[in-house]
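1. sequence first, then the predicted structure:
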Amino acid sequence: MRPDDVLFLLGISRKAGKVISGQDSVERAANAKKVFLIIVSNDISENTRKKMKNLSIKANIPILYWCQSNELGKAIGQEQRKVIGITDKGLAQEIQRRINLLTGVGDIDETTRI
């Protein structure tokens, strides 16, 4: 498993219309119970990191801290993206599984950061 495998899957997810990007959009979708996974870039501000963590707890949505914002944006065909949400449960589980394999986290319910 390589990081590019996850980035490729994120790109496919976006083409399928299953990715929401941007903090405000992800917050609205999460509060509406339309997000199954939140991915936050490692280079996000501490304030936004706390907001997203609190949102994930409140909405009971897994959150992963992974890659840099330029990589996250490139994967979904946009400029830098610091926060994205996955709106398909199956894709969210597979993306989370792959990131956890890369980071060595066994339980897919754990929050991880690389």
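-> The structure has been received and is ready for your questions.

2. residues in contact with residue 89?
-> For residue 89, the contacting residues are residue 36, taking C-beta atoms under 8 Å, 6 or more residues apart in numbering as the criterion. Placement of C-beta: from N, CA and C, glycine included.

3. relative to residue 96, how far out is it?
-> To residue 96, residue 89 is 11 Å away according to C-beta to C-beta, to the nearest Å.

4. residue 98: neighbouring residues, count only.
-> The number of residues packed around residue 98, counting by other C-beta atoms under 10 Å, is 18.

5. wait, it sits on residue 8?
-> No - taking C-beta atoms under 8 Å as the definition, residue 98 is not a contact partner of residue 8, at 10.0 Å.

6. what about the spatially most central residue of the chain, helix or strand, and which?
-> The geometric centre of the chain, computed from its C-alpha atoms, lies nearest to residue 39 (C-alpha atoms, centre = their mean), at 1.8 Å. Following DSSP states H and E, the helix or strand that holds residue 39 is strand 37-40.

7. doesn't residue 95 belong to a helix?
-> Yes - membership of residue 95 in a helix is supported by DSSP: H, G, I helix; E, B strand; the rest coil.

8. mind listing what the residue nearest to the centre of the chain touches?
-> Residues 10, 63, 64, 66, 72, 83, 84, 85, 86, 95, 99 are the ones in contact with residue 39 under the rule C-beta under 8 Å, 6+ apart.

9. tell me how many other residues crowd the closest residue to residue 38 other than its chain neighbours.
-> Counting by C-beta to C-beta, 6 or more residues apart in numbering, residue 63 is the residue found nearest to residue 38 once chain neighbours are left out, at 4.4 Å. Neighbour count of residue 63, defined by other C-beta under 10 Å: 24.

10. going forward, begin numbering at 57 instead of 1
-> In the new count, where the first residue is 57, that last one comes out as residue 119.

11. what distance do you get for residue 119 to residue 96?
-> As it turns out, when the distance is counted by C-beta to C-beta, residue 119 lies 6 Å from residue 96.

12. intersection of neighbour lists for those two?
-> Taking C-beta under 8 Å, 6+ apart as the contact criterion, the residues that touch both residue 119 and residue 96 are residue 108.
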